[in-house]
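Visitor: Have a look at this prediction, sequence included:
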Amino acid sequence: MPKKDLGLLMMTYGNIYVAKVAMGANPQQTVKAFVEAERYDGPSIIIAYSQCIAHGINMTLGFDEQKKAVNCGHWPLYRFNPELSGQGKNPLVLDSKAPTIDFEEYAYGETRYKSLKQSQPEAAAKLMEAARKDTRARWCMMEKLAGLSCDSENKS
């Protein structure tokens with residue numbers, strides 16, 4: 001099963017400011033999200049990528065890992081501001097660019113993924129393909145949502 005997306009779930013409420021950030025990938029976007037969340041007159045949630053020692057990476061290179069997560073599409077950066085709907089704008093701003101690296105390049109840099117590949121290569125290959133497809137599908141969906149027009153009038 002694909003993983004659940006807390007940000008998308010929160011967006012469905014329609015009145016919550018939601019941002020997904022990764023300081024190591026885009027510090028300006030992170031600061032912008034915090035400023036917007038603070039200004040928003042209502043509930044706000046910021047979901048931040050945070051590498052962990054359990055990922056099995058050199059923790060001094062954590063920001064590089066965040067960049068890989070964003071660059072493969074696994075961790076898309078966005079801001080969802082419901083106030084933009086009142087201005088006739090799409091409330092979802094996708095701050096990431098389209099993926100430039102394969103999910104595998106990100107994943108196999110971490111022990112949590114590498115260890116399965118070493119112990120059960122066939123299972124790892126199947127799961128990697130499923131994760132790759134999920135990452136692509138999620139990116140495409142976010143791109144479509146961010147590109148939707150939010151005109152309040154129904155034009156025939």
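Guide: That came through, no problem.
Visitor: Would you state the helices of the chain in chain order?
Guide: 6-11, 27-39, 62-71, 103-107, 111-119, 121-147 (DSSP state H).
Visitor: Ile46 is nearest to which of those?
Guide: helix 27-39 (5.7 Å; Cβ to Cβ). In short, each C-beta sits where N, CA and C put it, glycine included.
Visitor: what is the orientation angle of the closest one with helix 62-71?
Guide: Between helix 27-39 and helix 62-71, the angle comes out at 80 degrees (axes from the mean of the first three to the mean of the last three Cα atoms, to 10 degrees).
Visitor: circling back: out of the helices of the chain, which gets the lowest mean score?
Guide: Among the helices of the chain, helix 111-119 has the lowest mean pLDDT, at a mean of 86.
Visitor: roughly how far is that helix from the heart of the chain?
Guide: 23 Å (Cα atoms, centre = their mean, to the nearest Å).
Visitor: List the contacts of Tyr78.
Guide: Residues near Tyr78 by Cβ atoms under 8 Å, 6 or more residues apart in numbering: Gly7, Val18, Ala19, Lys20, Leu92, Val93, Leu94, Asp95, Ser96, Met142, Ala146.
Visitor: Am I right that the first one is in contact with Phe80?
Guide: Yep, that's Gly7 we're talking about. Yes - using Cβ atoms under 8 Å, Gly7 makes contact with Phe80 at a distance of 7.3 Å.
Visitor: what touches both of those two?
Guide: Counting by Cβ under 8 Å, 6+ apart, the shared contacts of Gly7 and Phe80 are Val18, Ala19.
Visitor: And those two? Which one has more around it.
Guide: Phe80 (27 against 20; other Cβ atoms under 10 Å).
Visitor: Leaving out the residues flanking it, which one is nearest to the more buried one?
Guide: Spatial nearest neighbour of Phe80, excluding adjacent residues (Cβ to Cβ, 6 or more residues apart in numbering): Val18 at 4.2 Å.
Visitor: Nearest approach to Gly88 belongs to which of the helices of the chain?
Guide: Here helix 121-147 is closest among the helices of the chain (Cβ to Cβ), at 15.1 Å.
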